[in-house]
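A.B. asks: predicted model follows, preceded by the sequence.
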Amino acid sequence: MIEVLEAPPFATVQDAGFGSGRSWGLPPGGAMDPLFFSLANRLVGNPPNTPAIEWALGSGVLRLTRAARLAVVGLVRIQLNDVPLDPPALTFTARSGTRIAIEPDPLHRFCYLAVAGGILVPEVLGSHSTYLPGGFGGFEGRRLRAGDRLKLGKPLRKAEETITLTLHSGTADPPGDVTLRVTRGPQWDSFEPRVRESFFRGRYLLAPASDRMGYRLLGPGIQPRGKATLPSEAACPGAIQIPDGGQPIVLMPDGPTVGGYPKLAVVIQADLRLLAQCPAERGIRFREVSLEEARACYSPAR
Amino acid sequence: MRLPGSAVQPLGEAAWTVTLGDRVERATHERVLALAQRVAAEAIPGVQELIPAYAALTVCFDPLVADADALRLRLARLAAVASLPSESRTVGPSDRLVRIPVVYDGPDLDFVAERTSLTRSQVIDLHSGREYRVYLLGFAPGFAYLGDLDAGLVLPRRREPRPRVAAGSVGIAGAQTGVYPLATPGGWHLLGRTGLRCFDPARHPPALLQPGDRVRFEPVA
């Protein structure tokens, strides 16, 4: 069992998401950063799509009721029984009763805590992911709260059979702008070339009202020619919608499956995690790539 | 000017959207469903999901399995066939008629009556007096966009969306009506509620309604 002593502001159980359901309104969901999520699992010897805790926005404290091997991927400071991990490791074994305090660095919005054997939650619609807008999946369909007790599965490997990774003790590079690769969206032609140019020249920042459903961008306004809405049609994570106000919204894994706003472009699947992790003060830029290039970087989420 | 049926656009690297029109109309939607049936019948390797909407069909595929460019050409050809007037006749109205019992006691019934210069019972009669068609599912799991509403009931959505609309609420907005399957924020005018579950994760399929289904609302006390 893993017990939540002090809940972080935003933690949910996630896996790689729902394999199907978009035709009836269920978005793909799942980990905002699939790479960190699967890496955390691999580090403790789990299959890559094992339920883990997606942790965001602040610190929290957990306690184990049995010894377990853990991995935390993402920039964090970890204390075991109030003592900082030394050396600062991504993977560690904690004894029963250990208090594990995790304080994320704002450089990463989401970090992932995997436990050898995985978090045991019921499967809903083929996934263990928490889908907050629907209030189902994961652990009781909600964020973790103080007092929650999560069951753990049986580890597949012994601790000594897993890798130990230690953080480099240097300082991280000061973050420059992040450039996201995009392909042309279905309504690309609804935007004048000069409007598209201002989008690609522009530098955007994340608005505070950004969540697992969508990231709102602040920067050069974008207006389509003609009417601003179309009969609702399918959207997808990464789709850059241009609503009436002209400030783009990038749909994220829990975002709506359909929408009536024109989609100027779509962030390629391989780069969406870079946006998911983008700190508030970091500039965001876009660069057009071909569908061929996007497909060359594609990897299945599950 | 592109011919109708020839517009196949990418929605990211793993989906094509085939656009068959630019407005909400029954004939276009019938062609979308006809195209969806054809694509499904071809069982194309790598095609994972089909998302029919008002005037477009989106075909999701695994780029590691499907040949994306070949699929685009194939969809364009199928879309050209789906655009023939004869084709839409092959997909008639769905055999499925779903009756949804509604208690018409919604918090916006008086507002709607006032704005439409109707009485409460006239609003209820107009809303329950016709058969609707399921155009698409989205917004929330199992949320079905139903049309077309009687022209006398068409109102813009609420200026201030409610932060929480109870599951089972029956609402209207624009020329559409629908049932909130889950408690979600919502901007539609609420006329009533139903006890019928429109979405149940434990059921197969989880959504009660499917695109093309016919729906009637039946007033109950």
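C.D. replies: That came in fine, so what should we check first?

A.B. asks: every contact and neighbour count from this point should use C-alpha atoms.
C.D. replies: OK.

A.B. asks: what about residue 49, neighbour count?
C.D. replies: Just going to use chain A. Neighbour count for A:Asn49, taken as other Cα atoms under 10 Å in any protein chain shown: 23.

A.B. asks: please go with chain B instead
C.D. replies: B:Glu49: 18 surrounding residues under other Cα under 10 Å.

A.B. asks: repeat for A:Ala89
C.D. replies: By other Cα under 10 Å, neighbour count at A:Ala89 equals 19.

A.B. asks: cool, the one 5 residues further on as well?
C.D. replies: The number of residues packed near A:Ala94 is 18, by other Cα under 10 Å.

A.B. asks: from chain B, how far out is it?
C.D. replies: 36 Å (Cα to the nearest Cα, to the nearest Å).

A.B. asks: would you mind giving the domain segments of the chain?
C.D. replies: Because you didn't say which chain, this covers chain A. A:2-161, A:178-296 (automatic domain parsing).

A.B. asks: to clarify, I was referring to chain B.
C.D. replies: Segmentation of chain B into domains, based on automatic domain parsing, reads B:7-88, B:97-219.

A.B. asks: from the chain's centroid, how far away is the first one?
C.D. replies: Looking back up the chat, that one is domain B:7-88. Centroid displacement of domain B:7-88 relative to its chain, using Cα atoms, centre = their mean, to the nearest Å, is 16 Å.

A.B. asks: spell out whether that domain and chain A are in contact.
C.D. replies: Yes. Domain B:7-88 reaches chain A (Cα under 8 Å from any Cα of the partner chain) through B:9-14, B:17, B:22-24, B:48-58, B:62-64.

A.B. asks: residue nearest the centroid of chain B?
C.D. replies: Chain B has B:Leu136 as the residue nearest its centroid, 2.2 Å off, counting by Cα atoms, centre = their mean.

A.B. asks: touching, that residue and B:Ala53? I think so.
C.D. replies: Yes. Using Cα atoms under 8 Å, B:Leu136 and B:Ala53 qualify as a contacting pair, with a distance of 5.0 Å.

A.B. asks: which ones are touching the closest residue to chain B within chain A?
C.D. replies: For chain A and chain B, the shortest gap (Cα to the nearest Cα) falls at A:Gly25, measuring 4.0 Å. A:Gly25 sits next to A:Pro256, A:Thr257, A:Val258, B:Leu137, B:Gly138, B:Phe139, B:Ala140, B:Pro141, B:Gly142, B:Phe143 when contact means Cα atoms under 8 Å, 6 or more residues apart in numbering or on different chains.

A.B. asks: and if you look at A:Glu192?
C.D. replies: So A:Glu192 contacts A:Pro224, A:Arg225 (Cα under 8 Å, 6+ apart).

A.B. asks: likewise A:Ala116?
C.D. replies: Taking Cα under 8 Å, 6+ apart, we find A:Ala116 in contact with A:Asn41, A:Val44, A:Gly45, A:Asn46, A:Ala68, A:Arg69, A:Leu70, A:Gly153, A:Lys154, A:Pro155, A:Leu156, A:Arg157.

A.B. asks: go on, A:Arg143?
C.D. replies: Contact analysis of A:Arg143 by Cα under 8 Å, 6+ apart lists A:Phe10, A:Ala11, A:Thr12, A:Val13, A:Leu132.

A.B. asks: residue 44: how many residues sit nearby?
C.D. replies: No chain in the question, so chain A it is. Around A:Val44 there are 32 residues (other Cα under 10 Å).

A.B. asks: wrong chain, I was asking about chain B
C.D. replies: Number of residues near B:Ile44 (other Cα under 10 Å) recorded here: 14.

A.B. asks: so the residue most central in space within chain A is in which element?
C.D. replies: Note on chain A: the residue nearest the mean C-alpha position is A:Met32, at 1.5 Å, using Cα atoms, centre = their mean. Using DSSP states H and E, A:Met32 sits within no helix or strand.

A.B. asks: can you map out the helices along chain B?
C.D. replies: Ranges of helices in chain B, per DSSP state H, are B:26-42, B:68-82, B:85-88, B:109-116, B:120-128.

A.B. asks: now do the first one against helix B:68-82, angle only.
C.D. replies: Interaxial angle of helix B:26-42 relative to helix B:68-82 (axes from the mean of the first three to the mean of the last three Cα atoms, to 10 degrees): 130 degrees.

A.B. asks: quick check: mean pLDDT of helix B:26-42?
C.D. replies: Per-residue pLDDT over helix B:26-42 has a mean of 94.

A.B. asks: CA atoms of it as PDB?
C.D. replies: Provided in PDB are the C-alpha atoms of helix B:26-42 (Å, rounded to 0.1, in the frame of the first residue of the first chain):
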ATOM      1  CA  ARG B  26     -29.500  16.000 -42.900                       C
ATOM      2  CA  ALA B  27     -28.500  15.000 -46.500                       C
ATOM      3  CA  THR B  28     -24.800  15.800 -45.800                       C
ATOM      4  CA  HIS B  29     -24.900  13.900 -42.500                       C
ATOM      5  CA  GLU B  30     -26.400  10.900 -44.300                       C
ATOM      6  CA  ARG B  31     -23.500  11.000 -46.800                       C
ATOM      7  CA  VAL B  32     -21.100  11.100 -43.800                       C
ATOM      8  CA  LEU B  33     -22.700   8.000 -42.300                       C
ATOM      9  CA  ALA B  34     -22.700   6.300 -45.700                       C
ATOM     10  CA  LEU B  35     -19.000   7.000 -46.000                       C
ATOM     11  CA  ALA B  36     -18.300   5.700 -42.500                       C
ATOM     12  CA  GLN B  37     -20.100   2.400 -43.400                       C
ATOM     13  CA  ARG B  38     -18.100   2.000 -46.600                       C
ATOM     14  CA  VAL B  39     -14.800   2.700 -44.800                       C
ATOM     15  CA  ALA B  40     -15.700   0.300 -42.000                       C
ATOM     16  CA  ALA B  41     -16.700  -2.400 -44.600                       C
ATOM     17  CA  GLU B  42     -13.400  -2.200 -46.300                       C
END
